[in-house]
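> Any chance you could fold what I've pasted below:
(4 chains)
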There are 2 protein chains.
Amino acid sequence: MTKAIDHLLNRLEAIGHVTDEDRKALRNLPIKEANLVKGTEIVADGETSSSCCMVVSGYLCRSKTLLDGSRQIFSLHTAGDIPDLHSLHLNRMDHSLSAISDCRIARIPHEAVYNALDACPSLNALLWRDTLIDSAAFRAWMLMLGQAEAVPRMAHFFCELFTRAAMAGLTENNTFPLPLTQADLGDILGISMVHANRTLQDLRGRGVMDFDQQIVSILRWDDLRKLGQFDPSYLHYLDGRIGRENPAKL
Amino acid sequence: MTKAIDHLLNRLEAIGHVTDEDRKALRNLPIKEANLVKGTEIVADGETSSSCCMVVSGYLCRSKTLLDGSRQIFSLHTAGDIPDLHSLHLNRMDHSLSAISDCRIARIPHEAVYNALDACPSLNALLWRDTLIDSAAFRAWMLMLGQAEAVPRMAHFFCELFTRAAMAGLTENNTFPLPLTQADLGDILGISMVHANRTLQDLRGRGVMDFDQQIVSILRWDDLRKLGQFDPSYLHYLDGRIGRENPAKL
DNA sequence: CGTTGCTTTGAACTAGCTCAAGACCTGTGG
DNA sequence: CCACAGGTCTTGAGCTAGTTCAAAGCAACG
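The predicted structure is shown next:
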């Protein structure tokens, strides 16, 4: 009945078929909510955790830092995401999970999830699918990191984020809040902060989007999409919602 | 009883606990083997497939190509790998799977896998875990793509490959066969072919490794590992085999 | 023994980096 | 209400890692 689980159900309904049994199993999960301030590390690289963490509001990120201090952010997570679902089957974290903005999360003990999965094979398949979509997003991102220059890379990033924010019901008038600094943006894109700034100015100059005061505005979706060669099909949203045949209408 | 399934069992035993029931379920899978020549595309980007593909010998790769023709290779796969296991739960491929060398593969119909998974929850968890390790390798790779320069990036790549080849029993005297061109290497590392060549010369010059005539030779493992900041723990091999506490002994 | 595919080299060019300073903004304490 | 401090954004300028283009060397193969 908690609002928190509704976010998750929303998202799962967008990526697959949710049975009544699944719904029931999820609603019965014992969760414990908490507020976190920006910068809090939830699970550290190398650690073992005994619960999963679901986002209720705000943004979490997964990242890893090299010895020289350079950090790569792998993914951002909004309402309904469970960024460390993989910890169910991989004991040791190979990266860290932290709050990139003030946010509210819900903790679900592994034990409870195991029980739900055992009792409900369709939920098992659905959550497996969820982790596979996560993996697909990594591939899309690797393609941009390895092969695209800063401008298309950034364009692609905002396309993905907008699509996912829209799915989570966080957009309004082609606009959504994004509590990131340009330094964070650089760590996502694999470029320096200075270059992130210049790349952003380039996108602004083209009139395709803006990002100011923590607000992203999509101004010309089709052009932005073309620029970033963004094809949302890797997010595997069901037809009828945002998908390849039906890209986010503006 | 087929040799093909043994490769898979080998690998699964290295990443988790395999029960007798799992073993039985796997051995009962109907498989159809085939030989492929280098370059054959097994599943195309955007396609839907109704079977999984297991590597028996040789190398497969997963990759995606941008409009301008630039290609990013996401991963390489050897004996025992099932690179498209995700197709069980994601119908449409978001990248393509192809033979990067002459190789032998075994096809397993989805239907048969579904049945095995339904009948055997522990196998289900084990294969889920396998796809999660796949995902962990992507993260490790994204870190290098986004934050490391060509030399450490290449060092890291050869470290991962050597570790996995060792696990699959393909190494001999710190040496293993790798049927790649330098152009392929560039597509993996996200650098041009010319730069791949120069980076390789750099590694050779440092005396840490060599790659010539399709043979990789690891000359100074510890230095190579340090250079690439390689920590094999993301591959999640069980203790007692190659792992963080027990890195590939040379 | 010529063709084909792979590797190697040189040389000019460029995307993105680093360093450093200034502008701007917001919250805090006097 | 002002001053100051700390974080963020913006700009300039010189530098470097990696790119592209083009040609030459090399090996295998029919």
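> and chain A, what are its domains?
What the record gives for chain A is the domain set A:3-134, A:149-235, from automatic domain parsing.
> how about the last one against DNA strand C, any contact?
Yes: using Cβ under 7 Å from any atom of the strand, we find that domain A:149-235 touches DNA strand C at A:Glu149, A:Ala150, A:Val151, A:Gly190, A:Ile191, A:Ser192, A:Val194, A:His195, A:Thr199. All C-beta spots, glycine's among them, are computed from the backbone N, C-alpha and C.
> Show me what the longest helix along chain A is packed up against.
Of all the segments assigned as helix in chain A under DSSP state H, the longest by residue count is helix A:121-147. Judged by 3 or more Cβ pairs under 8 Å, 6 or more residues apart in numbering or on different chains; DSSP states H and E, the packing partners of helix A:121-147 are helix A:3-15, helix A:20-27, strand A:71-77, helix A:110-119, helix A:150-167, strand B:60-65, strand B:71-77, helix B:121-147.
> Flag every buried residue along the fourth one.
By neighbour count on 16 or more other Cβ atoms under 10 Å in any protein chain shown, the buried set for helix A:110-119 is A:Ala112, A:Val113, A:Ala116, A:Leu117.
> any chance of the residues you listed in CSV, plus pLDDT and distance to chain B?
As requested, these are arranged in CSV below (pLDDT from 0 to 100; distance: Cβ to the nearest Cβ, whole Å):
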residue, pLDDT, distance to chain B
A:Ala112, 97, 16
A:Val113, 97, 12
A:Ala116, 96, 13
A:Leu117, 96, 8
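> how much space is there between A:His89 and DNA strand D?
Relative to DNA strand D, A:His89 is positioned 34 Å away (Cβ to the nearest atom of the strand, to the nearest Å).
> Just the pLDDT at the residue lying farthest from the centre of chain A, thanks.
Relative to the centre of chain A, the most outlying C-alpha is that of A:Ala119, 27.7 Å out, by Cα atoms, centre = their mean. Per-residue confidence at A:Ala119 stands at 94 (pLDDT).
> Apart from its chain neighbours, what residue comes closest to it?
Sequence neighbours aside, A:Ala25 is the residue nearest to A:Ala119 in space, at 6.4 Å (criterion: Cβ to Cβ, 6 or more residues apart in numbering or on different chains).
> give the contact list for that neighbour.
A:Ala25 makes contact with A:Ala116, A:Ala119, A:Cys120, A:Leu123 under the criterion Cβ atoms under 8 Å, 6 or more residues apart in numbering or on different chains.
> Kindly report the same for A:Leu36.
Listed by Cβ under 8 Å, 6+ apart, the contact partners of A:Leu36 are A:Ile42, A:Gly58, A:Ala99, A:Asp102, A:Cys103, A:Arg104, A:Ile105.
> Only the buried subset of those residues, as a PyMOL command please.
To isolate the buried subset of those in PyMOL, counting by 16+ other Cβ under 10 Å, use the following:
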select buried, chain A and resi 42+58+99+103+104+105
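> Now the two most distant members of the contacts of A:Leu36.
Distance extremes for these: the farthest pair is A:Ile42 and A:Asp102 at 13.2 Å, using Cβ to Cβ.
> follow-up on the earlier one: I'd like to know which of the buried residues of helix A:110-119 is nearest to DNA strand D.
When the buried residues of helix A:110-119 are compared for distance to DNA strand D (Cβ to the nearest atom of the strand), A:Val113 comes out closest, at 34.2 Å.
> My guess is A:Tyr114 contacts A:Leu88. True?
Yes: proximity of A:Tyr114 to A:Leu88 meets the contact threshold set by Cβ atoms under 8 Å, at 7.3 Å.
> Close to DNA strand D: what parts of chain A are there?
A:Thr181, A:Gln182, A:Ala183, A:Met193, A:Val194, A:Asn197, A:Arg198, A:Leu200, A:Gln201, A:Asp212.
> What about these, which one has the most neighbours?
By neighbour count, taken as other Cβ atoms under 10 Å in any protein chain shown, the most surrounded of these turns out to be A:Leu200 (20 neighbours).
> so that residue makes contact with A:Leu185?
Yes: using Cβ under 8 Å, A:Leu200 is in contact with A:Leu185, at 7.3 Å.
> And the residue lying closest to A:Leu200 once chain neighbours are set aside, how far from chain B?
Closest residue in space to A:Leu200, ignoring its immediate chain neighbours: A:Phe211 at 6.1 Å, by Cβ to Cβ, 6+ apart. Here the criterion is Cβ to the nearest Cβ, to the nearest Å. By it, A:Phe211 lies 20 Å from chain B.
> near chain B, anything from the lowest-mean-pLDDT helix or strand in chain A?
Counting by mean pLDDT, DSSP states H and E, chain A has its least confident helix or strand at helix A:3-15, which shows a mean of 91. No: Helix A:3-15 does not reach chain B (Cβ under 8 Å from any Cβ of the partner chain); its nearest approach is 9.7 Å.
> So for that helix, what gets flagged as buried?
A:Ala4, A:Ile5, A:His7, A:Leu8, A:Arg11, A:Leu12, A:Glu13, A:Ala14, A:Ile15.
> Leaving out the residues flanking it, which one is nearest to whatever residue of chain A ends up closest to DNA strand C?
Of chain A, the residue with the smallest distance to DNA strand C, taken as Cβ to the nearest atom of the strand, is A:His195 at 2.9 Å. Closest residue in space to A:His195, ignoring its immediate chain neighbours: A:Ala150 at 6.0 Å, by Cβ to Cβ, 6+ apart.
> neighbours of A:Gly205, just the number please.
8.
> This completes my enquiry, with thanks.
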